[in-house]
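K.L.:
how does the following fold in three dimensions:
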Amino acid sequence: MLDANWPDSWRGAFRIEMRAEAIGLAWRGWPVLPGAEPAAITAEGDDLTWRRPVPAQDNWRELLETHPHEVATWFGDDTHSLLVATGTVLDAIEVDDELGKAAARLLRATGHPAPIVAMPNGRWLFLTTVATSIPRELADQASIQWHGANGYIPLPPSPFQHGVVHWRVKPEVWGWQLPEATEVHDVLVRALAGDQAVAPVATLSTAA
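P.N.:
Reported below is the predicted structural model:
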C-alpha cells in the first residue's frame with residue numbers, strides 16, 4: 001500500500017503512474033478495473049499481509065467494457081491498485097517463484113518470451129490468450145492457480161504490503177501480443193517436470 005510516510009510528491013507521482021498505466025491498458029482493449037488496497041490484518045490473529053488487491057466495487061463485472069475516458073476517472077486519490085479481469089481478453093497462470101524461474105528460462109529459449117508479472121509475495125503470473133481449460137499436470141498442483149473466467153489479477157504498479165507488483169517481462173517485449181495459452185501451458189508442464197534443456201523449441205504463436 002502507499003506508505004503514509006512518503007512525501008506528498010512521491011504519492012502524487014505514484015498515483016499519476018497508476019492512472020497512466022490504467023488508461024494505456026484500457027485503450028488497448030484490456031478490461032481494466034479499479035482495485036482497493038490489500039488488507040493487512042482484519043481480525044485478531046488473522047494475518048492477511050499478503051492478500052492481493054480486490055475490486056473496489058462489488059459490481060466490477062459490469063465495468064468490463066468501460067470506455068478509457070471513464071477508466072481515467074477511477075484512478076484518483078482513493079484508488080491505489082490496478083486490476084485486469086481475466087477470461088475475456090486474457091488469462092493468467094499463477095505459479096511460485098521456483099517454477100516461474102524455470103518456465104521463464106524455457107520461454108526464453110523460444111525467442112519469444114511471454115509477458116510475466118511478479119508479485120511481492122513471490123508469486124508469478126504468466127499472461128496468455130483465453131483458454132477453456134489447463135492441463136491436468138497443472139490443475140492438480142495446489143501451488144498453481146488458473147485465473148480465467150470471472151477472475152482478476154493485479155498489474156503493475158499495484159502495491160502490496162511490502163512492495164509493488166512489477167513486470168518480469170514487459171508488454172513491449174512481445175509487441176503487446178499475447179502468447180497462445182496452450183503453448184505457455186506446455187512450457188509450464190515441462191518446467192514442472194524438471195526440464196532444464198535449452199534445446200530449440202517451436203516459436204510461440206501470438207494473438208493480438
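K.L.:
okay, and the helix or strand of the chain with the least pLDDT?
P.N.:
Counting by mean pLDDT, DSSP states H and E, the weakest-scoring helix or strand in the chain turns out to be strand 41-43, with a mean of 45.
K.L.:
helices along the protein, start to end?
P.N.:
In the chain, the helices defined using DSSP state H lie at 8-27, 68-74, 97-110, 136-139, 181-192.
K.L.:
what comes into contact with the first one?
P.N.:
It refers to helix 8-27. Contacts of helix 8-27 with the rest of the structure, by C-beta atoms under 8 Å, 6 or more residues apart in numbering, involve 2, 6, 32, 34, 66-68, 71-72, 74-77, 79-82, 84, 155-158. From N, CA and C alone the C-beta is placed, and that goes for glycine too.
K.L.:
can you give the distance of it from its chain's centre?
P.N.:
Helix 8-27 sits 17 Å away from the centroid of its parent chain (C-alpha atoms, centre = their mean, to the nearest Å).
K.L.:
same thing with the shortest one?
P.N.:
From the chain centre to the centre of helix 136-139 is a distance of 20 Å (C-alpha atoms, centre = their mean).
K.L.:
go through it and flag the buried ones.
P.N.:
Counting neighbours by 16 or more other C-beta atoms under 10 Å, one finds that the buried residues in helix 136-139 are residue 138.
K.L.:
average pLDDT across that helix?
P.N.:
Averaging pLDDT along helix 136-139 yields 97.
K.L.:
need the CA coordinates for that helix. PDB is fine.
P.N.:
C-alpha atoms of helix 136-139 as PDB (Å, rounded to 0.1, in the frame of the first residue of the first chain):
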ATOM      1  CA  ARG A 136      -4.200 -31.800 -15.600                       C
ATOM      2  CA  GLU A 137      -0.500 -31.700 -14.700                       C
ATOM      3  CA  LEU A 138      -1.000 -28.000 -13.800                       C
ATOM      4  CA  ALA A 139      -4.600 -28.300 -12.400                       C
END
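K.L.:
elements contacting that helix?
P.N.:
helix 181-192 (3 or more C-beta pairs under 8 Å, 6 or more residues apart in numbering; DSSP states H and E).
K.L.:
okay, buried residues for the helix it packs on please.
P.N.:
For helix 181-192, the neighbour count (16+ other C-beta under 10 Å) marks 181, 183, 184, 185, 186, 187, 188, 189, 190, 191, 192 as buried.
K.L.:
using CSV, write out every CA atom in that helix.
P.N.:
Only the C-alpha atoms of helix 181-192 are listed here, as CSV (Å, rounded to 0.1, in the frame of the first residue of the first chain):
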residue,chain,number,x,y,z
ALA,A,181,-2.4,-20.4,-23.8
THR,A,182,-1.7,-24.0,-24.9
GLU,A,183,1.9,-23.2,-25.7
VAL,A,184,2.6,-21.5,-22.4
HIS,A,185,0.9,-24.3,-20.6
ASP,A,186,3.1,-26.8,-22.3
VAL,A,187,6.2,-24.8,-21.2
LEU,A,188,4.9,-24.8,-17.6
VAL,A,189,4.3,-28.5,-17.7
ARG,A,190,7.9,-29.0,-19.0
ALA,A,191,9.3,-26.8,-16.2
LEU,A,192,7.2,-28.6,-13.6
